[in-house]
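Student: Here is the input, now give the coordinates:
(3 chains)
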Amino acid sequence: MKVIAADSSAAILDEKFAVLSIVATASVLVGSPYREASAFLAEPIFVDAEKGHDVVVHEAEMCRDLLAKTKADVVHLDMSLGSVSLEELSPVQFSEMGISAKARYHLLRVLPRLRKIGNEITQKYGIEVLAIGKESVPVRIAELTSGAHAILYTCTKAFKEKKVTLLGLPSRCQPRFVGKGVYLYSLMPAEHDVRGYAVDTEEILNKVNISEFLNPSARGFRALKINPKEAE
Amino acid sequence: MKVIAADSSAAILDEKFAVLSIVATASVLVGSPYREASAFLAEPIFVDAEKGHDVVVHEAEMCRDLLAKTKADVVHLDMSLGSVSLEELSPVQFSEMGISAKARYHLLRVLPRLRKIGNEITQKYGIEVLAIGKESVPVRIAELTSGAHAILYTCTKAFKEKKVTLLGLPSRCQPRFVGKGVYLYSLMPAEHDVRGYAVDTEEILNKVNISEFLNPSARGFRALKINPKEAE
Amino acid sequence: MKVIAADSSAAILDEKFAVLSIVATASVLVGSPYREASAFLAEPIFVDAEKGHDVVVHEAEMCRDLLAKTKADVVHLDMSLGSVSLEELSPVQFSEMGISAKARYHLLRVLPRLRKIGNEITQKYGIEVLAIGKESVPVRIAELTSGAHAILYTCTKAFKEKKVTLLGLPSRCQPRFVGKGVYLYSLMPAEHDVRGYAVDTEEILNKVNISEFLNPSARGFRALKINPKEAE
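Tutor: As a prediction, the model looks like this:
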């Protein structure tokens, strides 16, 4: 079974570790043994955290775009609604699912657009789009893949703006910098072999100093301090 | 303090990773430092997942059977009911414990048989039978021990039926195949030294190819694809 | 950002692993990368577990005492009340926070004393005292630091009383004994590099035998059996 999934992750933080903006979105193709992506699309988004409720629509679009390039058997979206198919998802269910009024409000606002993309995918490729969220390993791999790219995007931004920048990473993961890019490894229990990856095509990692620390006010979250080197 | 505990675990999955049947039950004797079993009984059960509510009765019987062979100070059953003794467990408490109507229905159905075995154990050996469930390390060791045996039982079944078989493992664990059998190590936080074990007396592991993968739709769960080698 | 935090931890257990008394309190100064304390105060308390609700007052006092020696930007207390400032914490909020009647009773009893210390800190140093609890990494480091000291205090007690003693450690951690003291490492996911430390100034570790085991009735908790060596 091949799965396409998408997620957005990593956040620019202020000096008090409050979230300012969400950095990147990625869609991934994941096949057995479901440890990493075999294909992906990634994009910088830098979306205001307050307006983050709409990113799931863009995530669905990026799943659709990846489907245009490669086959899959099912699509996993980062919405934790009991693995129900987008087609079957109705506003009536939201109250049964115990979703808060505020979350319901945001869901109802994006649902028409989500459904449109869902229908497009189902009609064209004959596969389901599931609101599976946190139960999905491919969604986690999409989170780590977008997180790995977010590191590179934020390094580029920090270098261009000549500004020390704090980047909050996804929950329970840790970067490992290798010659040509960066892996983002899961630190969740039983996910020691799950990871995302981004290639540093522009060699931006050579132009910044990066130090890792734990977010003191949010257990399980790590952050990076990205310090541009002097331009020569 | 020596503890006898039992649990059933591992499941045959269909190609969409849905649970078809529960594979094995084990009772274990566990003493300090509570990392693995010092004695055990294990059995293949291959019970229809729909009828899985009764396995706890068989688990209690296997605790009783192990008690006939070895001493212990207390029995732990895989029922998460606040460590209350079976003797003191009354239907009135179930509603106080916030147990769902459906779970209560199944509990009430098995309670008379459970109590009978509990009384038998308490009268004969003077020890308590506790409904401690997920709080118990010995129950976890029983889960891992039945899981390790489930791997061997499923290999035998796959080999006999000449059929590729998917086996879903217990939550957050990973097998390690050694010369004479298989360990099943916990991947839960703070359980890195907790494991189950099964001896491969029939050398069935030589007759199959096994590959491990993550269950894409259930985070924390791993599964094995068991492929019988050609009979010669 | 430099954080001062405090916590109490580790418990003397009876032979059935029931908690008898809480052993130690520590306040810590933690700066980036928030992995361990750069300064601390630690004290044996051996408080009856039944009367443990008041320890948070002593924890606040020990934060104040550490602030008298070193600068910090904020104080984290081990009260999980949504990171609200002590100044803004009002009894009305407790019901909104879904705190149980019993917990509310104990909170109301200690609140006047807590507020007094909080005001003292805020007026003298101009920094906030937050009821952040389990979300705080520095509170975790205080827990591990008090736990490391609790090991030494309990060894001293066991040696003086010539009595085998069981010490229950904080959740999900494990000691590592080194030449001059003991580290207590977190075993929580994504906290593999977080730890507490205590220096064995009295070389008490040479006077006892220590064995580690898992608490069979409380998953995630480890305990030590401390056995005084014969005095010569």
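Student: how far is the helix or strand where A:His106 lies from where the chain is centred?
Tutor: In the assignment (DSSP states H and E), A:His106 maps to helix A:101-125. How far helix A:101-125 lies from its chain's middle: 18 Å, per Cα atoms, centre = their mean, to the nearest Å.
Student: which strands and helices sit next to it?
Tutor: If you count contacts as 3 or more Cβ pairs under 8 Å, 6 or more residues apart in numbering or on different chains; DSSP states H and E, helix A:101-125 packs onto helix A:55-67, helix A:91-96, strand A:128-131. C-beta coordinates here come from the backbone N, C-alpha and C atoms, glycine included.
Student: Find the helix or strand that A:Ala5 is a member of.
Tutor: Per DSSP H and E: strand A:3-13 holds A:Ala5.
Student: Run through the residues that contact the nearest residue to A:Lys134 once chain neighbours are set aside.
Tutor: For A:Lys134, ignoring the flanking residues on the chain, the nearest one in space by Cβ to Cβ, 6 or more residues apart in numbering or on different chains is A:Ser80 at 4.9 Å. Contact analysis of A:Ser80 by Cβ atoms under 8 Å, 6 or more residues apart in numbering or on different chains lists A:Ala131, A:Ile132, A:Gly133, A:Lys134, A:Glu135.
Student: Mind doing that once more with 10 Å?
Tutor: If you count contacts by Cβ atoms under 10 Å, 6 or more residues apart in numbering or on different chains, A:Ser80 has them with A:Met97, A:Ile99, A:Ala131, A:Ile132, A:Gly133, A:Lys134, A:Glu135, A:Ser136, A:Val139.
Student: nearest to B:Met62, of the residues you listed?
Tutor: A:Glu135 (31.7 Å; Cβ to Cβ).
Student: Please list all residues in contact with the closest one.
Tutor: Applying Cβ under 10 Å, 6+ apart, the residues near A:Glu135 are A:His76, A:Ser80, A:Gly82, A:Ser83, B:Asn215, B:Pro216, B:Ser217, B:Ala218, B:Arg219, B:Gly220, B:Phe221.
Student: The second one looks like it's in a strand, true?
Tutor: The one in question is A:Ser80. No. A:Ser80: not assigned to a strand; according to DSSP: H, G, I helix; E, B strand; the rest coil it is coil.
Student: So which residues on chain A come close to chain B?
Tutor: A:1-3, A:5, A:30-35, A:73-74, A:76, A:83, A:130, A:132, A:134-141, A:186, A:188-194 (Cβ under 10 Å from any Cβ of the partner chain).
Student: Among the residues you listed, name the buried ones.
Tutor: Neighbour-count burial (16 or more other Cβ atoms under 10 Å in any protein chain shown) applied to those gives A:2-3, A:5, A:30-31, A:33-35, A:74, A:76, A:83, A:130, A:132, A:135-141, A:186, A:188-191, A:194.
Student: May I ask which helix or strand of chain A has the lowest mean pLDDT?
Tutor: helix A:91-96 (a mean of 74; mean pLDDT, DSSP states H and E).
Student: Write out the residues of chain A neighbouring chain C.
Tutor: Checking chain A against chain C by Cβ under 10 Å from any Cβ, the hits are A:15-17, A:169, A:171-174, A:186-191, A:211-223, A:225.
Student: Right, and chain C sits closest to which residue of chain A?
Tutor: Per Cβ to the nearest Cβ, A:Phe213 is where chain A lies closest to chain C, at 3.5 Å.
Student: and that residue, how many residues sit next to it?
Tutor: A:Phe213 is flanked by 16 other residues according to other Cβ atoms under 10 Å in any protein chain shown.
Student: and it, what is it in contact with?
Tutor: A:Leu166, A:Arg222, A:Ala223, A:Leu224, A:Lys225, C:Gly31, C:Ser32, C:Pro33, C:Tyr34, C:Arg35, C:Val137 are the contacts of A:Phe213 under Cβ under 10 Å, 6+ apart.
Student: Make TSV out of those and add secondary structure, distance to B:Tyr105 and pLDDT.
Tutor: TSV is the format used below for the contacts of A:Phe213 (DSSP: H, G, I helix; E, B strand; the rest coil; distance: Cβ to Cβ, whole Å; pLDDT from 0 to 100):
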residue	secondary structure	distance to B:Tyr105	pLDDT
A:Leu166	strand	52	98
A:Arg222	strand	45	98
A:Ala223	strand	48	98
A:Leu224	strand	52	98
A:Lys225	strand	55	98
C:Gly31	coil	55	98
C:Ser32	coil	54	97
C:Pro33	coil	52	98
C:Tyr34	coil	49	98
C:Arg35	coil	50	98
C:Val137	helix	44	98
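Student: Looking at the residues you listed, which is nearest C:Tyr125?
Tutor: Nearest to C:Tyr125 among those, with distances taken as Cβ to Cβ, is C:Gly31, at 16.1 Å.
Student: Quick check: the residue nearest to the closest one when sequence neighbours are not counted vs C:Ser146, distance?
Tutor: Once flanking residues are discounted, C:Gly31 sits nearest to C:Lys2: 4.7 Å by Cβ to Cβ, 6+ apart. From C:Lys2 over to C:Ser146 the distance is 19 Å, taken as Cβ to Cβ, to the nearest Å.
Student: wait, doesn't A:Tyr34 sit right on A:His76?
Tutor: No. Between A:Tyr34 and A:His76 there is no contact under Cβ atoms under 10 Å: 11.0 Å.
Student: Give me the pLDDT for A:Lys102.
Tutor: pLDDT for A:Lys102: 83.
Student: Over to A:Glu232?
Tutor: On the pLDDT scale, A:Glu232 is placed at 51.
Student: Show me the contact partners of the least confident helix or strand of chain A.
Tutor: The contact list for helix A:91-96 (Cβ under 10 Å, 6+ apart) reads A:81-82, A:84, A:90, A:99-101, A:103-105, A:107-108, A:111.
Student: Buried residues of it, list them for me.
Tutor: Buried residues in helix A:91-96 (16+ other Cβ under 10 Å): A:Phe94.
Student: tell me the phi and psi of A:Ile45?
Tutor: The phi and psi values for A:Ile45, taken as degrees, to the nearest 10, are phi -120, psi -40.
Student: Show me the shaky parts of chain A.
Tutor: For chain A, residues meeting the criterion pLDDT under 70 lie at A:231-232.
Student: so which residue of it comes closest to chain B?
Tutor: A:Pro33 (3.5 Å).
Student: Report the contact partners of A:Leu114.
Tutor: With Cβ under 10 Å, 6+ apart, A:Leu114 has these contacts: A:Val56, A:Val57, A:Glu59, A:Ala60, A:Glu61, A:Leu77, A:Met79, A:Leu86, A:Leu89, A:Leu107, A:Val129, A:Ala131.
Student: How many residues are close by the third one?
Tutor: Other residues within reach of A:Glu59, judged by other Cβ under 10 Å, total 26.
Student: Then the last one?
Tutor: A:Ala131 has 23 neighbouring residues, counting by other Cβ under 10 Å.
Student: didn't it look like it was pressed against A:Ile99?
Tutor: No. Using Cβ under 10 Å, A:Ala131 is not in contact with A:Ile99; the gap is 11.3 Å.
Student: so which helix or strand takes in A:Pro138?
Tutor: Element membership of A:Pro138 [criterion: DSSP H and E] is helix A:137-161.
Student: Run the chain-centre distance for that helix.
Tutor: That offset, for helix A:137-161, works out to 8 Å (Cα atoms, centre = their mean).
Student: Buried ones in that helix, by neighbour count?
Tutor: Those would be A:137-159, for helix A:137-161 by 16+ other Cβ under 10 Å.
Student: quick one, that helix and helix A:55-67 angle?
Tutor: If you take axes from the mean of the first three to the mean of the last three Cα atoms, to 10 degrees, helix A:137-161 sits at 100 degrees to helix A:55-67.
Student: returning to what we had before: identify the contacts common to A:Ala131 and A:Ile99.
Tutor: By Cβ under 10 Å, 6+ apart, the residues touching both A:Ala131 and A:Ile99 are A:Ser80, A:Leu81, A:Leu107.
Student: Phi, psi for the first one please.
Tutor: So the one you mean is A:Ser80. Taking degrees, to the nearest 10 as the convention, A:Ser80 sits at phi -90, psi 80.
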